[in-house]
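Participant: Provided below for reference: sequence and predicted model.
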Amino acid sequence: MSFGDPNNPYGPPQGQQPGYPQAPQPGYGYPQGAPQGAPQGVPPQQPGYGYPQAPQGVPPQQGYGYPQQPGYPGGPAAPRPASMGRRFGARLIDGVAFAVIYFILGAIGIGGAVGAAQDCDPNAADYSTCINDASSNFAATFGAAIGMLAIVGLLYEWLMTGLVGATLGKLAVGIRVVKVDTGQKPGLGSSFIRWIIPQVGSFACGIGALLVFLSPFWDKSGRQQGWHDKAASTMVVQS
C-alpha cells in the first residue's frame, strides 16, 4: 500500500507529501469564505470574555458617571472668572463710598475755614494775618484728614481682601479674590502686593493705575488676571 496511491482512502490527497498536514484553503474558518482583505489561511478571532477592546487608533471612551471638572488639587471645581462688568461695578461701589467720605471731610474742613475767616475783623490791622492763619489751619486739617483717609483706604482694601477675600463692593456684586493654585483667600502678603501695584501706577497722573485695572482685557490665560493679580498669584472669581 502506498501513501501516494489514489485508491487508498486513508492516504493524503494526490499532490500532497506524506506526513504533512493539509494546507489551509482560502476562507478557512469563515462560513461564507474569507472577506476581502482578510489574511488567507488564518481563522477569524473569536470574541473572548470581558469588555471589548477599542480598535487601534480610537481613543478610549469615557466611562459612566459625571465627567471630571478642572479644579484645585483635592478640592472643588474651579469657579468661573469674574466678568469685567462685575469688577467695574465693585470698583464703582467702593469708589462712591470713599467719595462720600471725602465729601463729608471736605465739607467739614471748608465749613471750619469759613467759620474761622468770619471771625476775622476786616477793620483790624491783623486781618490779613487772621485770614492766612485760617487758611493754614484749614489746609493742615484737610491734609491730615486726607492722610487719615488714605490709611483707612489701605487698611480697607488690604485687610478686607486678604482676610475676607473681598471688599464691600465685591461682596455686593458677588465676586471675590482667591489664590490661583488653591482657591483660598489671598492672605495679607498677596493682598498687599495686589494693592500696592496700582498705587505705584497712580503716581503717573493715574494712568498707570488705569492700565493696571484694564490689564485683564489683555490676559490670554483665560483667568482675566490683571498685572497686579499675576504679581500676587491671585484671580477674581464669581462667588
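Facilitator: All right, it came through fine. Numbering: from 1, shown residues only.

Participant: Now do G187 against L171, distance only.
Facilitator: From G187 across to L171, the span is 18 Å (CB to CB, to the nearest Å). Just so you know, the C-beta spots here come from the backbone N, C-alpha and C atoms, and that holds for glycine as well.

Participant: May I have stretch 92-109 exported as CSV, CA atoms only?
Facilitator: In CSV, the C-alpha atoms belonging to stretch 92-109 read as follows (Å, rounded to 0.1, in the frame of the first residue of the first chain):
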residue,chain,number,x,y,z
LEU,A,92,-17.6,101.9,41.4
ILE,A,93,-19.3,101.0,44.7
ASP,A,94,-16.1,101.2,46.7
GLY,A,95,-15.2,104.5,44.9
VAL,A,96,-18.6,106.0,45.6
ALA,A,97,-18.3,105.1,49.3
PHE,A,98,-14.9,106.8,49.5
ALA,A,99,-16.1,109.8,47.6
VAL,A,100,-18.9,110.3,50.1
ILE,A,101,-16.3,110.2,52.9
TYR,A,102,-14.1,112.7,51.1
PHE,A,103,-17.1,115.0,50.5
ILE,A,104,-18.0,114.9,54.2
LEU,A,105,-14.5,115.6,55.3
GLY,A,106,-14.1,118.4,52.7
ALA,A,107,-17.4,119.9,53.8
ILE,A,108,-16.3,119.9,57.4
GLY,A,109,-13.0,121.4,56.6
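
Participant: Use 53 as the first number from now on
Facilitator: With the count now opening at 53, the last piece we talked about shows up as stretch 144-161.

Participant: The residue nearest to L206 when sequence neighbours are not counted: how many residues sit nearby?
Facilitator: Distances taken as CB to CB, 6 or more residues apart in numbering put W247 closest to L206, at 7.0 Å, once the chain neighbours are dropped. The number of residues packed around W247, counting by other CB atoms under 10 Å, is 19.

Participant: what's W247 in contact with, if anything?
Facilitator: Contact analysis of W247 by CB atoms under 8 Å, 6 or more residues apart in numbering lists 206, 209-210, 213, 280.

Participant: go on, I245?
Facilitator: Counting by CB under 8 Å, 6+ apart, I245 touches 280, 283-284.

Participant: now do 6 Å
Facilitator: I245 makes contact with 283-284, according to CB atoms under 6 Å, 6 or more residues apart in numbering.

Participant: Make a ChimeraX selection of the buried ones in the contacts of W247.
Facilitator: Remark: buried members of the contacts of W247, expressed as a ChimeraX selection using 16 or more other CB atoms under 10 Å:
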select :209,210,213,280
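
Participant: Minimum pLDDT in the contacts of W247, which residue is that?
Facilitator: In terms of pLDDT, the lowest of the contacts of W247 is L206, showing 87.

Participant: which SS class is V230?
Facilitator: strand (DSSP: H, G, I helix; E, B strand; the rest coil).

Participant: Identify the bridge partners of it.
Facilitator: Under DSSP bridges, the beta-bridge partners of V230 are M287.
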